[in-house]
Each structure stands twice: as C-alpha cells, then as structure tokens.
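1. Fold the stuff below for me.
(2 chains)
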Protein chains: 2
Amino acid sequence: MTIKLYCFGESGNAYKAALALELSGLDWAPVYVDFFNGETRGEAFRKINAQGEAPTMVDGDLTLSQSGVIQQYITDKTGKFGGTAEEKYEVLRWVLWDNHKLSSQVGMTRFLMNFLPEDKRPADVITFMQGRLKAAFTTLNAHLEGREWMVGDSITNADLSCCSYLFYPEPFGFDRADWPHIDAWLTRVSDLPGWKHPYDLMPGNPSDRA
Amino acid sequence: MTIKLYCFGESGNAYKAALALELSGLDWAPVYVDFFNGETRGEAFRKINAQGEAPTMVDGDLTLSQSGVIQQYITDKTGKFGGTAEEKYEVLRWVLWDNHKLSSQVGMTRFLMNFLPEDKRPADVITFMQGRLKAAFTTLNAHLEGREWMVGDSITNADLSCCSYLFYPEPFGFDRADWPHIDAWLTRVSDLPGWKHPYDLMPGNPSDRA
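-> Residues are numbered from 1 along each chain as shown, chains lettered A, B, ... in the order given. So this is what the prediction gives:
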C-alpha cells in the first residue's frame, strides 16, 4: 500500500519526512495540504491530525506526525538512516538539536521574512532571530568540519533533519558561502542519487501564490 | 558507578534529564555547571561536551547530551518511561513537539524576561513570543483534556519532557490557573513519590546571584 504524506512544499519539516521517504525507496505519494489557506486548521484535516500538523504520514492504519517520528518509522521499516547500533544516540541527539535550535528557529524566521504580508513583518524579532540562527549555523559548521556526514560514515536521520530548511531559496539569513563545511555537506546531500529539491518533491511553492 | 549529570538548576532542559534519573531510581549525582559565569563556554567543559551543552550525562565511558537522548538512555537501561511498544512513536512525537514548540520557546522567553539585565530585555521579542507560547499551551491543554498522562496510562518521557519548564516560578507568560488540564497534570507529576522541584533537585538557582 502506498504511504501517504500530507505535506506542502514550503514546509521544511515536511521535507525532512518526504526526503527520507524518497531516498528510502519506499512506495509513497505526497498529498497536498493547503496550509496558506488554512487547511491544516480546518475540521477535515483535524480528523487526520488533531493538532493540525504537517507533515502527517498515513501508512494503512497507522498515522504518525512529527518529522523525526516519521523518520524513525522509515528507519524501523527499512533499516536505513538510523546509523549503527552505537550511533543511535548520536543520531537522535542531532535530530533533537535540529528541532530545538535549528529548524524551529529557521522555520519561524523564514516565515516572518517571506510569508507574512510585508507590513506585518516584525523587524525587531527578525533581527533578534538572526543572532540565534548565527549561533546554530556556527555549531553546525563546526561539527561538519572534517566530517562527511553528521554521524558516522553515511547519511542518517541527523543529516535528513538538519539539512532540510537549508535548501530553500527564500532569504532567512543564511548564505552557504559563509559556512564552507555546511556548504560542502549540502552538496554531498544533493548529489545523492534520487535527491530532489523540496519544491520538486512536494506540491506547493511560493510561485503558486504570486 | 554513579551517573554524573552536568547541570544547573535554572535549566529546564537539565531538569528533564535530572527528573528522569531521579524517578528512575538510578544512582546519579548532579555536577554543577556555572552557566551564568560562562563555564559551559569554557575550555574545560568543552572537553566534556564540544558544543557546551547542559545537560551532559556521563556514565562510565559513555557521554550523552540532549535531554531527550538522556531520557532514551534511561529508558533503555531501566525499561521505564518509554510507554508500551505501541506507544513508542507517540512518546517520541511529544518529546519532539516539546523541543520544537514548547521548551525551546519557553526557555528562550524565560531567559529574556528574567536572566538578562533589565535594560537588555527586548520588549518586542518578548511580546511576540507570548503569542507563540499561548499557541503551545493551547495545544498542550487540549491534549491533556480527559487524559491523566500525555501518552497511555502512566508517566513517560513525553510527560518528563513537556512538564519541565512549567514548574519554574519565574514569570514567562504562564499561569497554571489559565490552563486547567495542564494544571491538574502538573499536580499529578509533582505528587509522584520522589518528585522534586528543579531548585531542590539540581544545584544553582537565581537566589545565588541575587
């Protein structure tokens, strides 16, 4: 049975799940959720996910949300992206760090700078967030110095989590040229066979609303 | 061998790990890290944790950071707080949600409102964050309606993660009286045999610096 992923292209959190599904080789298909017109807050979607979260994955009777949970499910099902037994805590560590320090802050800042109407963008908050993001990029860049992948010798959920928002073109205070180890690592990710850009992997992108 | 937890009382993230250790019955001891005087950014501590993270747990040869990882280790070691096999994704879901939507934002807001010098507190950012926190408290309160615990019939890492910052007395925009289901659940947690308040469980609290 085809796994369904409720998602939309602009969501870096959805991209974490979509990219893991795509690279795992599982049979899956995206189902577009029109976040920007309130679909995740509507009654129909609340029956699929009470909290209105995207991504939400449905595989037969099983419904899961939170990208890191969907990634863990893919790992349990395929044996891929979990690292070795010794690496499992280190993989989880970076998935949590991403949720705590990187994606949560990048996602919010990108939303404020790009998806709010121009006259509603809170300049002081955006300026403040730049400092927080710089600290996160510094941590990530330092960790990747001398490493090909976040943990161990091959791609894991740590990479699939941390890379996601960094492939988006909208400005949020990240220039790959400033962070050489992040830059080289993102190239390694996008060179993987089967890799796709978020706007090619999932339906929905800013030009739909332009 | 006694497990060491590098921590400080003000850290809700450290409290998640400390409370799990305490309630698990494992032999552990806190090691104070003087965050407010820069110890986590110093060379000595960087040898224990390259990213300067607190909490960091050391159990013999194993060093772990990120509270959710330390919780998972305690679960693997003791069989406690992981829920049933069927509940494992739901437990991880709320640990990730907490990192993404609750603790990351509460922790930052509480820091800005209490631990920065008064003339450095960014009013616009604090006001903005109140809206984000209200959304998180709304989700948590709704989830707890009709439930005793976040997942299943007993306490899990989902509870130990989500409750942590909500026990602190410093103002950050949370009044238990406004959120009856959160309030009742926090009472259930603090009624557990062996429960301790963060400032009783770990060294360091704001009165040390008063």
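2. The helix or strand hosting residue A:181 - contacts with which helices or strands?
-> According to DSSP states H and E, residue A:181 maps onto helix A:180-190. Counting contacts by 3 or more CB pairs under 8 Å, 6 or more residues apart in numbering or on different chains; DSSP states H and E, helix A:180-190 packs against helix A:123-144. Every C-beta, even on glycine, is put in place using the N, C-alpha and C of the backbone.
3. The helix it packs on vs helix A:180-190, what angle?
-> 80 degrees (axes from the mean of the first three to the mean of the last three CA atoms, to 10 degrees).
4. quick one: average pLDDT of helix A:123-144?
-> The average pLDDT within helix A:123-144 is 97.
5. now swap in stretch A:89-106 and tell me
-> Here the average pLDDT along stretch A:89-106 is 97.
6. Dump the C-alpha coordinates for it into CSV.
-> Provided in CSV are the C-alpha atoms of stretch A:89-106 (Å, rounded to 0.1, in the frame of the first residue of the first chain):
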residue,chain,number,x,y,z
TYR,A,89,22.0,8.1,20.5
GLU,A,90,24.2,10.5,18.4
VAL,A,91,21.7,10.4,15.6
LEU,A,92,18.8,11.2,18.0
ARG,A,93,20.9,13.9,19.5
TRP,A,94,21.2,15.8,16.3
VAL,A,95,17.6,15.3,15.4
LEU,A,96,16.6,16.8,18.7
TRP,A,97,19.2,19.6,18.4
ASP,A,98,17.7,20.4,15.0
ASN,A,99,14.2,20.6,16.4
HIS,A,100,15.4,22.7,19.4
LYS,A,101,18.0,25.0,17.9
LEU,A,102,18.0,24.9,14.1
SER,A,103,14.7,24.1,12.3
SER,A,104,12.4,25.6,14.8
GLN,A,105,14.2,29.0,14.6
VAL,A,106,14.9,28.9,10.9
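7. now the helix holding residue A:181: mean pLDDT?
-> Rounded mean pLDDT across helix A:180-190 is 98.
8. How much space separates residue A:18 from chain B?
-> 17 Å (CB to the nearest CB, to the nearest Å).
9. Quick one: classify that residue as helix, strand or coil.
-> Put simply, residue A:18 is helix when judged by DSSP: H, G, I helix; E, B strand; the rest coil.
10. Next, count neighbours for it.
-> 26 (other CB atoms under 10 Å in any protein chain shown).
11. is it true that it touches residue A:7?
-> Yes - using CB atoms under 8 Å, residue A:18 is in contact with residue A:7, at 5.9 Å.
12. count of residues packed around the nearest residue to residue A:202 once chain neighbours are set aside?
-> With sequence-adjacent residues excluded and distances taken as CB to CB, 6 or more residues apart in numbering or on different chains, residue A:202 is closest to residue A:9, at 4.3 Å. Residue A:9 has 23 neighbours, counted by other CB under 10 Å.
13. what does residue A:87 give?
-> There are 18 residues near residue A:87, going by other CB under 10 Å.
14. how much space between it and residue B:126?
-> Distance, residue A:87 to residue B:126, using CB to CB, to the nearest Å: 39 Å.
15. Pull out the CA atoms of the helix holding residue A:181 and give them to me as PDB.
-> Written as PDB, here are the backbone C-alpha positions of helix A:180-190 (Å, rounded to 0.1, in the frame of the first residue of the first chain):
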ATOM      1  CA  PRO A 180      32.000  26.300   4.000                       C
ATOM      2  CA  HIS A 181      31.600  23.000   5.900                       C
ATOM      3  CA  ILE A 182      27.800  23.300   5.700                       C
ATOM      4  CA  ASP A 183      28.000  24.200   2.000                       C
ATOM      5  CA  ALA A 184      30.100  21.100   1.200                       C
ATOM      6  CA  TRP A 185      27.800  18.800   3.200                       C
ATOM      7  CA  LEU A 186      24.700  20.200   1.500                       C
ATOM      8  CA  THR A 187      26.400  19.400  -1.900                       C
ATOM      9  CA  ARG A 188      27.000  15.900  -0.700                       C
ATOM     10  CA  VAL A 189      23.300  15.500   0.200                       C
ATOM     11  CA  SER A 190      22.100  17.000  -3.100                       C
END
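16. residues making contact with the next helix or strand after that helix?
-> Using DSSP H and E, the helix or strand that follows helix A:180-190 towards the C-terminus is helix A:198-201. If you take CB atoms under 8 Å, 6 or more residues apart in numbering or on different chains as the criterion, helix A:198-201 is touched by A:9, A:10, A:12, A:15, A:18, A:19, A:22, A:30, A:164, A:167, A:168, A:205.
17. now, which of those lie within strands?
-> residue A:30 (DSSP state E).
18. which residues of chain A fall in helices?
-> Using DSSP state H, the helices of chain A run over A:12-24, A:43-48, A:67-78, A:88-97, A:103-110, A:123-144, A:157-162, A:180-190, A:198-201.
19. Does the fifth one reach chain B?
-> This points to helix A:103-110. Yes - where contact is defined by CB under 8 Å from any CB of the partner chain, part of helix A:103-110 touches chain B, namely A:103, A:104, A:105, A:108.
20. if we can go back for a sec, please identify the deepest-packed of the helices of chain A.
-> Sort the helices of chain A by mean neighbour count, taking mean count of other CB atoms under 10 Å in any protein chain shown, and helix A:157-162 sits at the top with a mean of 28.
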